[in-house]
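[1] Quick one, fold the following:
(2 chains)
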Amino acid sequence: EDKVVQSPLSLVVHEGDTVTLNCSYEVTNFRSLLWYKQEKKAPTFLFMLTSSGIEKKSGRLSSILDKKELSSILNITATQTGDSAIYLCAVAPINAGGTSYGKLTFGQGTILTVHP
Amino acid sequence: NAGVTQTPKFQVLKTGQSMTLQCAQDMNHNSMYWYRQDPGMGLRLIYYSASEGTTDKGEVPNGYNVSRLNKREFSLRLESAAPSQTSVYFCASRDRGPEQYFGPGTRLTVT
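    Presented below is the predicted three-dimensional model:
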């Protein structure tokens, strides 16, 4: 059974701090790892990391995939109150034929609170 | 382009009542998904539909049924609601890649 574990489960920081969120996984036929940000409503897609693309960056957010350690980190620098959200990590396998993606397995999420 | 839409936004049911949650997407995606989200448990897959005409159970299917009405619409039915089904329900869709796009959610309370 595929498994994704995120840590910490919650984190409280002040504006300007840098945070690192962790995600570790066990999945058969790993294909991709995805990060989502969830504010009050729907999760929104941030990054996808694959075996052929192990680092992504967008503004103050960056993510790295460690294929050896079966884990990923999401870094947020110079945090702002607008970064307060639940950050979800998910993994996607690929089927044996390599023709389609399987179901996403999500971690529990990290609740990030950024105080002014 | 509305993306993924869900109705209703909120619902309160009494134990034993039934209801259907509606989901539609206008992105011409083949695959659609229903999740529930409970505190501290992330998103758990209830049912999914890899393509029009097919549906499959996910991690937590008991107490639910689904219908893939056409390529756009995927509904989730609770036949006899129980307090354990109090949750936030999300519908999602995806195209060829693994990334899924989510609707705004339905907050369901069963008393």
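[2] got the contact list for the closest residue to A:C23 other than its chain neighbours?
    In space, and not counting its chain neighbours, A:C23 is closest to A:C89: 3.5 Å by Cβ to Cβ, 6 or more residues apart in numbering or on different chains. In short, each C-beta sits where N, CA and C put it, glycine included. By Cβ atoms under 8 Å, 6 or more residues apart in numbering or on different chains, the contact set of A:C89 is A:4, A:6, A:21, A:23, A:25, A:33-36, A:72, A:74, A:106-107, A:109.
[3] Let me know the next secondary structure element after the lowest-mean-pLDDT helix or strand in chain A.
    Every helix and strand of chain A was ranked by mean pLDDT, DSSP states H and E. The lowest is strand A:55-58, at a mean of 88. Using DSSP states H and E, the helix or strand that directly follows strand A:55-58 along the chain is strand A:61-66.
[4] Tell me the strands beside that next one, with direction?
    Applying DSSP bridges, strand A:61-66 is found paired with strand A:55-58 (antiparallel), strand A:71-76 (antiparallel).
[5] what is the mean pLDDT for that strand?
    Strand A:61-66 shows a mean pLDDT of 95.
[6] Identify each buried residue in that strand, please.
    For strand A:61-66, the neighbour count (16 or more other Cβ atoms under 10 Å in any protein chain shown) marks A:61, A:63, A:65 as buried.
[7] what's the distance between the residue nearest to B:R36 when sequence neighbours are not counted and chain A?
    Closest residue to B:R36 apart from its sequence neighbours, by Cβ to Cβ, 6+ apart: B:S87 at 4.3 Å. Distance of B:S87 to chain A, computed by Cβ to the nearest Cβ, to the nearest Å: 14 Å.
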